[in-house]
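*Asks:* only geometry, no sequence info:
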C-alpha cells in the first residue's frame, strides 16, 4: 500500500449528508447445483454523491455480487441496502425495474451491446425510456465517438464498443454509474482511453461512479478504494490525490 | 419501443431463410383451411341462392298414377304451402353419332306458366311452346357432352313409341344439380340426361291426362316434416305411392351435403397438422434466438426494461412470422378455393358460382394460428422475460453430455468417431429430436392422406365391379315382367349369358329405425351379380331371409337372426317379417338382397323380373344396342365398362388436383422442418465443426457428421410417418362414411413409397442448401467468436 494513503476505519460515516448508498450487514448466498456459495458475508458500507470508488479484490471476493445488488440486478439474502432513503432490499420487481431505469447506468466487462443496433441506436434504446436523458449524439460525443454513430458493434473495436457502452450508461443522466471490470477485455492503451472516459463523466456530470477491478493499479484514480476479500470488506482507503488514467501503468 | 422494433426486424432479417420456411408452413395450413372452408361456404351460398330463386321443393313423392283432383287434398294437409303435380318418366334416347345406350329422365313442366316449384334456369333458347307436342328442353351437361344446340333434334322412345324431339332450350335446375342415374356412383353426362317437356304432351304420351305420377311440395315455416310425410304417404298409398321423402334425402341435395361434410373434415385435419408443426418450428427458432440473446436481455433489463417489455418484444417476433404466414395463406387459400370451387361446378351444375371468402373465415384462420403460435411459445417467452438480469449475464452453462443409450447397448465400439458425434448429438436433446422426427413424419402422413383416396377408390371399384358386378350390361324393364322376357334376351345374337334380377322398392324397419331402399332379388347360382361375404368371397343368397349391407345393418341396429319388417312399396304393397341372415361388406350404397324366388314369394307374385344382367360378345355390341333400344319393354341399358370409365374420367381431375396439392404441402412441411433444424444446428455447432476442419477433417467428412444426423432423423421419421398416415386415412374414411358410400382403408405400396420419396427429396434439397453454407464456413471468424 502507498504510504500516502491513509487507512480508514471500517464503518466510519463521513459526510453522512451526501451519502447515497447505505449498506448494512448485507449477505448473499446462492446455490450452484448442490453447493452453497456465500458471496457476501455481512458487508457494511456507505457511498457518497459524486465520488469515484474502486472496488478491489481477487476473483470470488464478492465484488460483482455487491455491484449487482447495489444496481438492483440481484436481491440480497439478508441485510439492507438503502438508496437515497429507499430500501432496495424490500423493493418489488417493478420498483427495482424503475430504479434501474431512472437512477442507474451499467457498464459491463463484455460491453453487452445489441449487435443488431448501431452505436447511436444502442444509446437510443435507453434514452427512449428515460425521464430526462441527454441526446444520444451528445452522450457519444462525450466518449469521443461522435463520428461513429451509424456503425454496428461488429464494425467497432473493443475499446470503441466499451465507450459506446459508457455513452449508453450515462445518456440517461443517472445518479450512479456501476462498472464491472470495464477494462477487463481490453489491452492497456485502450483501457486507458476507457478509464479516461469514465473519469471525465464522473468529473463533469458529478455521477457517483463505482468501478470493479482486480487490478490494483487502477485504484489510483479513485477517491476511495474499497477492498473486498472472501465476501467481506477488508479495508477502505482514501486517496489524498487521484492519478489520471494516463499516469497509470499496468 | 421504436429502437427495439428495429432490432426486431433486423433479427428476423438475419434468419430470413428460416422465417420464410416457417411462414410457408403457416401459409400451407391457412391456405388449406381457407380453400376448403371458402369452397364449402361458396357452394352452400350458391346452392341456397339457386334453391331460393328457382323454388326448389321440400317434399318429393313418386307414385303410379293419381287423378289431378288429389292435388287439392294434398294441399289441405296442415303445413303444406304449395303443391305441384307432374308426370315423370324414364326414357331411352338415340343420339346421332353416339352408339352407346343413353337413358333420360323426362320431367313435365306446366304449359303456360313457369313451374310453381322446381323452376328451370334457361341458359340458352326458351321454354317449351304449349301448343307444340314434340318440344323439349335439355339439361345443360348432356347438351354440352354431345354438342346440342337449340334447334337440334333428338330421338326418344317415349312410352314405347319413337318420337323426334326438337330441342328448344338448354337448362339447369335445382332438382338436378347433380345428375346421377339411380344406382350409379357418379354423373355420366354422355349417357344420362334430364329433359323437360310440356305437361300436356307428356301426359298424352303416358296416358296421364288429368293425372299425375309425381308430386312435390313446399312447406309452411315451422311445419313438421315427418307428420306431413306420413299424411302424404297415407293419401298416395292407394295410388301406388313409393314413399315420400324430404329435401335432405333428395339425391342431388344429398350428394352435395355429403360433399360439404367431406370438405369440412378436410378443413379440420390438414390445417391442424400444419399449424402444430409451425408452432413447433417457431418455438425452436424463438428458443434459439432467446438463448443466444441472453446477454442482450440482461443488458436491456439492467437498463430498466421490464419483464413485460421483454416479453412483448419476443412476442412481436412470433407475431411477425404469424402475420406473414396468415397474409400469404389467405391469399393463396382464396385463389385455391376459387379453383377448387370451379372444379366442383363441373360436377355440381349450378348456373353460376357465388365465390366468397367470408371475413369470418379469415378471422378464424388468423385467430387459430395466432393462438397456437403464442401457446406454443408462451413458456420460452415467459422464461426470457423472467430471466433474472444477473443470471442472464452469466454465460449459459455448457451443454450436458452423458453416456448415450446406444453406448449402454454395448455397441459403442462399432461406431466411428463421427458416428459417435451424430448419436450423442441426437440423444443430447431427446425431446427436440423426437419433435423433429414427428414433424417430418407428419409431412409423410399428409402425403399419404392426400393420395390415399386414389387407392381407396381403386379398391372400391375393383370390389364392386370386378368381384361383385361382373355383367357387361344391365337391362331394366319398364315394369316387372314375367321371366319369359329373359328368354327373349337370351335369344339375341351376341348375348353369352343372361341372369334375371328383381328390384323392389321397400321400407325396412327394425324397432323404431327405418330406411327406404330397394330389395334386390338375385338367382341362387348367380355368376354375374355376385354377393360377397366378409372375406370378399362369392356367396349365394340364403333360400329365405335377407342379406343386408353391413352399414345398413348398423343403421338399423340389426344383427343376423333379428326379424326385419319389410314394407313393400310396389304392387300389392305387402308388409312382411323377414329374418336377417347375414351382413355383407359393401362400399357403395345400402342394399338388401334376397333369393329371387324368395322375393317373388314375398310379393305373392309369380316369377317376375325387373331386368337382367348380360354378358355380351363385343363383336355384336352395336347390334345389341340397336335391338335393345327398339324393345318397348326395355327402359334402360347400362354398360358396366362405360360406367367405370366415366367414373374415373370425372374423378381424374379432382384426384390430380388433390395429389398435386398434397405433394406440395408435404414437401413444404418436410423442407420446413429439416431446413430449420439444419440452420439452427449449424449455428449451434459451427464452432465445433470448424474445429474439426482445423484438425484436418474434410468438407465431406464434416458434412457427413452434420447432415448425417438430419438424414438419420429423416429416415426414422418415415416409418412413424407411415403409422400416422395410416391413422389419418382411417380417420378420414370414418369421417366421410355415409349411406351413399364408404371408403375402404386401403393404402397401396405405391402410396407409401411416394410419400417417403417426397419427404426424402425435400429433406435432401434443404440439406443441400445448408451444405452450401457448411462448405463455406469461415474457419477463422467462427473460431474467434466468444462461445
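*Replies:* The structure has been received and is ready for your questions. Note that the coordinates shown come from a computational prediction; the quantities given were computed from them, not determined experimentally.

*Asks:* Going by C-alpha atoms from here, please, whenever you check contacts or count neighbours.
*Replies:* Will do.

*Asks:* List the residues that contact the most centrally placed residue in chain A.
*Replies:* Nearest to the mean C-alpha position of chain A, counting by Cα atoms, centre = their mean, stands residue A:178 at 1.8 Å. For residue A:178, the contacting residues are A:67, A:71, A:104-107, A:209-211, taking Cα atoms under 8 Å, 6 or more residues apart in numbering or on different chains as the criterion.

*Asks:* residues from chain B in reach of chain A?
*Replies:* Within chain B, the positions adjacent to chain A are B:1, B:3-4, B:6-7, B:10-11, B:295-296, B:299, B:301-306, B:388-390 by Cα under 8 Å from any Cα of the partner chain.

*Asks:* if we can go back for a sec, restrict the contacts of residue A:178 to those near chain B?
*Replies:* Among the contacts of residue A:178, the residues lying close to chain B (Cα under 8 Å from any Cα) are A:104-106.

*Asks:* all strands in chain A, in order from the N-terminus.
*Replies:* A:6-8, A:19-32, A:35-48, A:52-56, A:78-83, A:86-87, A:104-107, A:176-180, A:208-213, A:224-229, A:232-238 (DSSP state E).

*Asks:* confidence score at the residue nearest to the centre of chain A?
*Replies:* Reading off the confidence values, residue A:178 has pLDDT 94.

*Asks:* List the beta-bridge partners for it.
*Replies:* With DSSP bridges as the criterion, residue A:178 is bridged to residue A:106, residue A:210.

*Asks:* how close does it get to residue B:307?
*Replies:* Between residue A:178 and residue B:307 the distance is 21 Å, computed by Cα to Cα, to the nearest Å.

*Asks:* what about the residue in chain A positioned nearest to chain B, neighbour count?
*Replies:* Of the residues in chain A, the one nearest chain B is residue A:101, at a distance of 3.7 Å by Cα to the nearest Cα. Close neighbours of residue A:101, defined as other Cα atoms under 10 Å in any protein chain shown, add up to 24.

*Asks:* Identify the residue nearest it in space, chain neighbours excluded?
*Replies:* Ranked by Cα to Cα, 6 or more residues apart in numbering or on different chains and with sequence neighbours excluded, the top spatial neighbour of residue A:101 is residue B:304, at 3.7 Å.

*Asks:* Does anything pack onto the helix or strand containing residue B:262? Which helices or strands?
*Replies:* When secondary structure is defined using DSSP states H and E, the element that contains residue B:262 is helix B:251-292. Judged by 3 or more Cα pairs under 8 Å, 6 or more residues apart in numbering or on different chains; DSSP states H and E, helix B:251-292 is in contact with helix B:16-53, helix B:307-347, helix B:359-386, helix B:430-461, helix B:640-694, helix B:699-735.

*Asks:* what about residue B:440, how many residues close to it?
*Replies:* When neighbours are defined as other Cα under 10 Å, residue B:440 has 32 of them.

*Asks:* That one contacts residue B:719, correct?
*Replies:* No: using Cα atoms under 8 Å, residue B:440 and residue B:719 do not qualify as a contacting pair, with a distance of 10.6 Å.

*Asks:* which stretches of chain A form helices?
*Replies:* Taking DSSP state H as the criterion, chain A carries its helices at A:63-70, A:93-103, A:119-127, A:136-142, A:158-170, A:188-205.

*Asks:* can you list the residues of chain A near chain B?
*Replies:* Checking chain A against chain B by Cα under 8 Å from any Cα, the hits are A:68, A:73-74, A:94, A:97-102, A:104-106, A:112-114, A:116-117, A:121, A:124-126, A:128-129, A:169.

*Asks:* okay, and the helix or strand of chain A with the least pLDDT?
*Replies:* strand A:6-8 (a mean of 44; mean pLDDT, DSSP states H and E).

*Asks:* Does whichever residue of chain B sits closest to chain A belong to a helix, a strand or coil?
*Replies:* Checking chain B residue by residue against chain A with Cα to the nearest Cα singles out residue B:304 as nearest, at 3.7 Å. When the structure is reduced to helix, strand and coil (DSSP: H, G, I helix; E, B strand; the rest coil), residue B:304 reads as coil.

*Asks:* Could you list which residues are in contact with it?
*Replies:* Counted by Cα under 8 Å, 6+ apart, residue B:304 has contacts A:97-102, A:129.

*Asks:* export the residues you listed to JSON lines and tack on pLDDT?
*Replies:* Output for those, formatted as JSON lines (pLDDT from 0 to 100):
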{"residue": "A:97", "pLDDT": "87"}
{"residue": "A:98", "pLDDT": "88"}
{"residue": "A:99", "pLDDT": "91"}
{"residue": "A:100", "pLDDT": "89"}
{"residue": "A:101", "pLDDT": "89"}
{"residue": "A:102", "pLDDT": "90"}
{"residue": "A:129", "pLDDT": "86"}
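
*Asks:* Selecting buried members of these in ChimeraX, what would you type?
*Replies:* This is the ChimeraX syntax for the buried subset of the contacts of residue B:304, where burial follows 16 or more other Cα atoms under 10 Å in any protein chain shown:
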select /A:97,98,99,100,101,102,129
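
*Asks:* Pull the most distant pair out of the contacts of residue B:304.
*Replies:* A:99 and A:129 (12.3 Å; Cα to Cα).

*Asks:* related to what we said a few turns ago, residue contacts, the residue of chain A closest to chain B?
*Replies:* A:129-130, B:302-305.

*Asks:* for those residues, which one is nearest residue B:228?
*Replies:* For these, the minimum distance to residue B:228 (Cα to Cα) is 71.8 Å, reached by residue B:305.

*Asks:* check contacts around residue B:117.
*Replies:* B:54-57, B:82-84, B:216-218.

*Asks:* Please work out how many residues are found near the residue lying closest to residue B:267 once chain neighbours are set aside.
*Replies:* With sequence-adjacent residues excluded and distances taken as Cα to Cα, 6+ apart, residue B:267 is closest to residue B:33, at 4.9 Å. Residue B:33 has 31 neighbouring residues, counting by other Cα under 10 Å.

*Asks:* Can you check the pLDDT for the residue lying farthest from the centre of chain A?
*Replies:* Residue distances from the centre of chain A (Cα atoms, centre = their mean) peak at residue A:34, which lies 30.9 Å from the mean C-alpha position. In the prediction, the pLDDT value recorded for residue A:34 is 79.

*Asks:* got it, and residue A:250?
*Replies:* In this model, residue A:250 carries a pLDDT of 69.

*Asks:* before we move on, what about residue B:673?
*Replies:* 85.

*Asks:* Pull the number of nearby residues for it.
*Replies:* The tally of other residues near residue B:673 (other Cα under 10 Å) stands at 30.
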